[in-house]
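K.L.:
Model the structure of this input:
(one chain, ligands or ions: 1)
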Amino acid sequence: MAGPRKPGSNFLFVPWPTNVHDRILRAMHVPMEDHRSSIFPELTKPLYEELKKLFKSKDGQAFIFPSSGTGAWEASITSTRSPGDKVIAPRFGQFSHLWAELCTRHGLDVIVQDEDWGTGANPERIGEALAADKTHKIKGVLVVHNETATGVTSDIAAVRRAIDAANHPALLYVDGVSSIGSIDFRMDEWGVDLAITGSQKGLMLPAGLGIACVSQKALAAMEGAKCRKCYFDFADHIKANASGYFPYTPALPLLYGLREALAILDEEGLDNVFARHQRLAEGTRRAVDAWGLKLCAKEPKWYSNTVSAILVPQGYNGGDVIDVAFRRYNLALGAGLSQVAGKLFRIGHLGDLNELMLLGAIAGAEMSMRDVGIMVEPGSGVAAAQEYFRGAQPKETRVAAE
Ligand code: PLP
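P.N.:
Alright, predicted model coming up:
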């Protein structure tokens with residue numbers, strides 16, 4: 001039993017789902033309507049165009065599935081690949097692991113490249129595997145841009161450069177579930193062939209939409225793709241979406257929410273959104289440093305601007321910190337998954353979030369750590385983040401005294 005709701009706000013920093021923006025909550029409060037009416041395309045058609053801007057793709061085609069992010073993985077793989085197809089999948093956390101496993105379960109021949117958890121995709125290693133594949137048996141490279149389980153961001157542009165240097169036609173598939181709409185992502189410029197995301201992270205919506213953006217090259221791979229599919233077939237969506245409809249009943253309130261989410265991101269400006277996430281992440285890192293703790297991400301080049309995975313000292317269990325944070329302070333922190341279970345806790349700092357909200361989470365993490373015996377200096381993380389936030393404000397918010 002969840003028990004009675006505590007007074008005040010629940011501090012949701014798991015890092016998924018994220019806070020649903022108030023405007024989005026209101027936008028989703030709609031009566032049901034006929035999704036085959038003549039005016040329905042007025043809602044849907046602009047969504048596809050706006051989504052392409054979010055992915056930074058001019059020539060791609062956007063798809064919206066009533067699913068979580070996993071559905072978008074499945075749609076992407078089954079619509080473009082056949083059993084037996086070889087794909088490279090760097091694996092360095094729970095989500096890169098699950099994506100590779102999904103491919104295996106669809107009969108693909110997955111070449112897993114295991115990397116240390118706390119690091120990310122290794123472009124050199126990918127390039128070497130592709131260069132050795134003289135007959136072009138490898139059909140795709142699958143990279144999780146931001147590994148939510150470890151707080152690691154991989155360099156997608158460098159992976160594209162490695163594919164090009166090997167002169168290999170493999171498609172570049174990218175999971176942007178915890179990056180798109182929060183961390184810089186440039187589908188066309190980075191030569192990404194197919195990218196996916198979900199509604200419940202940077203888009204500030206509840207879970208329930210699996211979103212893909214697919215290049216013309218990846219769309220061409222649909223021809224002859226023999227993986228079994230039905231509900232998640234791109235082809236059915238292409239037919240129905242052309243006139244603004246869906247092949248089945250769409251998740252109507254989420255579509256209204258998505259329209260509002262895209263408007264909110266556009267009003268703030270994507271570059272400002274990315275800068276805000278950078279600032280929030282750096283403030284969190286300053287707090288971690290002040291606590292004398294380390295991130296799971298092994299080097300600054302891997303640091304994620306949407307989630308920080310914080311290692312607890314040996315002899316302590318990250319799960320205890322999470323439990324006490326939730327029960328005593330109404331703060332939801334993310335757990336360590338699989339290989340890193342118990343070794344860390346995560347603070348998600350993405351979506352509809354600002355400095356003072358994040359300071360609440362940092363304060364709560366600090367109190368919870370002390371409660372379980374991790375004797376970080378009281379106030380040290382909060383103070384370090386505060387001072388960073390004060391100095392890192394955008395120019396337009398500077399005050400005369402500064
Ligand atoms: N990929 C990444 C990077 C994720 O963080 C997640 C979930 O958190 C997924 C994929 C799976 O998405 P979902 O749980 O929405 O199916």
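
K.L.:
Would you mind listing what in the stretch 151-300 of the chain touches the ligand?
P.N.:
175, 177, 178, 198, 207 (Cβ under 6 Å from any ligand atom). Every C-beta, even on glycine, is put in place using the N, C-alpha and C of the backbone.

K.L.:
And the last one, what's its pLDDT?
P.N.:
Per-residue pLDDT puts residue 207 at 97.

K.L.:
next one: the first one
P.N.:
Residue-level confidence at residue 175 comes out at 98, pLDDT.

K.L.:
My read is that it contacts residue 196, right?
P.N.:
Yes: checked against Cβ atoms under 8 Å, the pair residue 175 and residue 196 is within contact range at 5.9 Å.

K.L.:
For this protein, which segments count as strands?
P.N.:
11-13, 61-65, 86-91, 109-114, 138-144, 146-147, 152-153, 171-175, 194-198, 210-214, 294-295, 307-311, 331-335, 344-348 (DSSP state E).

K.L.:
so can I have a markdown table of those strands showing mean neighbour count?
P.N.:
A markdown table is the format used below for the strands of the chain (neighbours: other Cβ atoms under 10 Å):
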| stretch | mean neighbour count |
| --- | --- |
| strand 11-13 | 23 |
| strand 61-65 | 22 |
| strand 86-91 | 23 |
| strand 109-114 | 17 |
| strand 138-144 | 26 |
| strand 146-147 | 32 |
| strand 152-153 | 28 |
| strand 171-175 | 27 |
| strand 194-198 | 29 |
| strand 210-214 | 29 |
| strand 294-295 | 20 |
| strand 307-311 | 27 |
| strand 331-335 | 23 |
| strand 344-348 | 27 |
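
K.L.:
if I look at residue 175 and residue 196, which residues touch both of them?
P.N.:
Residues touching both residue 175 and residue 196 (Cβ atoms under 8 Å, 6 or more residues apart in numbering): 69, 73.

K.L.:
what residues does stretch 44-62 touch?
P.N.:
64, 176, 180-181, 185-189, 195, 211-216, 219, 238, 241, 244-246, 250, 255, 258-259, 262, 265-266, 270.

K.L.:
Show me these that map onto helices.
P.N.:
Under the assignment DSSP state H, the contacts of stretch 44-62 contribute 216, 219, 238, 241, 255, 258, 259, 262, 265, 266, 270 to helices.

K.L.:
The third one and residue 262: what is the separation?
P.N.:
Counting by Cβ to Cβ, to the nearest Å, the gap between residue 238 and residue 262 amounts to 21 Å.

K.L.:
Give me the more crowded residue out of the two.
P.N.:
Remark: of residue 238 and residue 262, residue 262 carries more neighbours, 19 against 16, as counted by other Cβ atoms under 10 Å.

K.L.:
dump the residue contacts of that one.
P.N.:
So residue 262 contacts 47, 50, 51, 53, 54, 203 (Cβ under 8 Å, 6+ apart).

K.L.:
And the furthest pair within those residues?
P.N.:
Using Cβ to Cβ, the two most remote members of these are 53 and 203, lying 13.1 Å apart.

K.L.:
Tell me where this structure has helices.
P.N.:
Going by DSSP H, the chain shows helices at 22-27, 40-55, 69-80, 94-105, 123-132, 156-165, 216-220, 234-241, 252-268, 270-290, 318-329, 355-371, 380-391.

K.L.:
follow-up on the earlier one: neighbour count: residue 53 and residue 203, which is higher?
P.N.:
The residue with more neighbours, out of residue 53 and residue 203, is residue 203; 30 against 14, by other Cβ under 10 Å.

K.L.:
Can you tell me the closest non-neighbouring residue to the more buried one?
P.N.:
Spatial nearest neighbour of residue 203, excluding adjacent residues (Cβ to Cβ, 6 or more residues apart in numbering): residue 261 at 4.6 Å.

K.L.:
What is the burial count for the one you found?
P.N.:
Count around residue 261 with other Cβ under 10 Å applied: 28.

K.L.:
any idea how far residue 47 is from it?
P.N.:
With Cβ to Cβ as the criterion, residue 261 and residue 47 are 10 Å apart.

K.L.:
same thing with residue 152?
P.N.:
Distance from residue 152 to residue 47, by Cβ to Cβ: 31 Å.

K.L.:
and if you look at residue 369?
P.N.:
Distance from residue 369 to residue 47, by Cβ to Cβ: 43 Å.

K.L.:
One more: residue 196?
P.N.:
Residue 196 is 16 Å from residue 47, by Cβ to Cβ.

K.L.:
again, but for residue 362
P.N.:
Residue 362 is 36 Å from residue 47, by Cβ to Cβ.

K.L.:
Looking at the two, which is more packed in?
P.N.:
Neighbour count, other Cβ under 10 Å: between residue 362 and residue 47, residue 362 has more, with 27 against 19.

K.L.:
Surely the more buried one and residue 347 touch.
P.N.:
Yes: contact criterion Cβ under 8 Å: residue 362 and residue 347 qualify, at 7.4 Å.

K.L.:
so what sits against both of those two?
P.N.:
residue 284.

K.L.:
Sketch out the low-pLDDT regions of the stretch 1-150 of the chain for me.
P.N.:
1-4 (pLDDT under 70).

K.L.:
Look up which residues are beta-bridged to the residue lying closest to residue 237 once chain neighbours are set aside.
P.N.:
Take residue 237 and drop its neighbours on the chain: the residue closest to it by Cβ to Cβ, 6+ apart is residue 63, 5.3 Å away. Residue 63 has these beta-bridge partners by DSSP bridges: residue 212.

K.L.:
Tell me the one of the ones in helices among the contacts of stretch 44-62 nearest the ligand?
P.N.:
Looking at the ones in helices among the contacts of stretch 44-62 and their distance to the ligand, the nearest is residue 258, at 14.7 Å (Cβ to the nearest ligand atom).

K.L.:
Thought residue 64 was touching the closest one, still the case?
P.N.:
Yes: contact criterion Cβ under 8 Å: residue 258 and residue 64 qualify, at 7.5 Å.
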